[in-house]
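1. quick one: sequence plus predicted model below, questions after.
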Amino acid sequence: MAVTVYKTPTFDHQAELLKRSIPIWPTQLQWESLGCDYIMQEMQVDLTWRKVHGDWEESTHPSGATYYYNRKMMTYTEMNLWTCSDKQLQRLESWINVSRAKLRGNPWFLVVEPILARGQEIYPYYCMVPEKCIITWLEPVDGFLLFQECMAVWHWNHKRLKLEAQFWKHVKYFPFEIKISPVEIRAL
């Protein structure tokens, strides 16, 4: 069995990885692109166990979409880890490590949906902050598309309400490892 050795990215490589970051929000995730599998196996009656790929644990959303969670990296992705190459996974994990460093120790979750654009991997992402019920990013974001349906967005409190709504979209899309207190449930 081959052992994968992960190299620590150099400063130039870290900067290159961060250039490939694209801020998104939960409603921009491509759920419909995940596809469905309508094939029923013969005599299948038991629940399937979660598959593990390295430190990534596969989960299935009630809608049928598959996503992966890495507890050590506190990261969710929809990238199919069973069909991607080891190099693709290594590049994703390098991007996560560089992004985590930019978080300066904040225990926030990352959500990343790698895509190929013009022959280059890019990393659309957002950060989810459970204790504040909000999403955020590692860089300034032009939220024009996010806020276009809002009538008045000139104050942080207006923006925060929209970002909190996106947080709850995240919870809907990625329910694995999400804990909601009874107080929050009553508030909802």
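-> Received, thanks. It should be emphasised that the depicted structure is a prediction, and the values quoted were computed from it without experimental measurement.
2. going forward, measure contacts and count neighbours with C-alpha atoms only.
-> OK.
3. just checking, what's the longest strand in this protein?
-> Within the chain, and with DSSP state E defining each element, the longest strand by residue count is strand 120-129.
4. give the partner strands of the following helix or strand past that strand in its sheet and their orientations.
-> As assigned by DSSP states H and E, the chain's next helix or strand after strand 120-129 is strand 134-136. According to DSSP bridges, strand 134-136 forms sheet pairs with strand 120-129 (antiparallel).
5. list the buried ones in the partner strand?
-> For strand 120-129, the neighbour count (16 or more other Cα atoms under 10 Å) marks 121-129 as buried.
6. give me the contact list for that strand.
-> Residues outside strand 120-129 that contact it (Cα atoms under 8 Å, 6 or more residues apart in numbering) are 20-26, 107-116, 134-138, 167, 170.
7. please tabulate the buried residues of strand 120-129 in CSV, including the columns distance to I96 and pLDDT.
-> Output for those, formatted as CSV (distance: Cα to Cα, whole Å; pLDDT from 0 to 100):
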residue, distance to I96, pLDDT
E121, 13, 90
I122, 12, 91
Y123, 9, 93
P124, 12, 92
Y125, 10, 93
Y126, 12, 92
C127, 11, 94
M128, 14, 92
V129, 16, 92
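8. out of the residues you listed, who's nearest E149?
-> Ranked by distance to E149 (Cα to Cα), these are led by Y126 at 20.4 Å.
9. partner residues bridging that closest one?
-> The partner residues for Y126, given DSSP bridges, come to V111.
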